[in-house]
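**Q** Provide a 3D model corresponding to the input given below.
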Amino acid sequence: MSAGFNHPKVKVHVGDGFKFLADRVNEFDVIITDSSDPDGPAESLFQKPYFQLLHDALRDGGVISTQGCKPPSYVYIPLYSKPDC
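**A** This next block holds a predicted model:
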């Protein structure tokens, strides 16, 4: 998997992810996020401000893919069919 980092289109950013997203409004067609458990330091990745940043960083028609079970109530996913994991 680390071989993907050698691809010429790959650019790695190290820093504050919230600031990174805030600075990139309407920039992405696809965002893939794989957060850890919603406890401790990663808790903010499961709250509304994070999902709003993801939404705002998408171009029209863009999609977000996220790992997880039942989404928070403020995330509208029309195709989500499992009530719980």
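
**Q** show me where the chain has strands.
**A** Counting by DSSP state E, one finds strands in the chain at the ranges 28-33, 58-66.

**Q** distance to residue 20, mean neighbour count and mean pLDDT added to those strands, as CSV?
**A** Backbone N, C-alpha and C define where each C-beta goes, glycine included. Below are those laid out as CSV (distance: least, C-beta to C-beta, whole Å; neighbours: other C-beta atoms under 10 Å; pLDDT from 0 to 100):
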stretch, distance to residue 20, mean neighbour count, mean pLDDT
strand 28-33, 11, 13, 88
strand 58-66, 14, 12, 89
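
**Q** isn't residue 4 right up against residue 10?
**A** Yes - between residue 4 and residue 10 a contact is recorded at 6.3 Å, counting by C-beta atoms under 8 Å.

**Q** quick one: mean pLDDT for the longest helix along the chain?
**A** When the chain is parsed with DSSP state H, its longest helix is helix 48-57. Mean pLDDT, computed over helix 48-57, is 91.

**Q** how near is residue 67 to residue 22?
**A** Distance, residue 67 to residue 22, using C-beta to C-beta, to the nearest Å: 22 Å.

**Q** that older thread, any chance of the strands of the chain in a markdown table, with distance to residue 42 too?
**A** A markdown table is the format used below for those (distance: least, C-beta to C-beta, whole Å):
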| stretch | distance to residue 42 |
| --- | --- |
| strand 28-33 | 11 |
| strand 58-66 | 12 |
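
**Q** which among those strands is found nearest to residue 48?
**A** strand 58-66 (13.6 Å; C-beta to C-beta).
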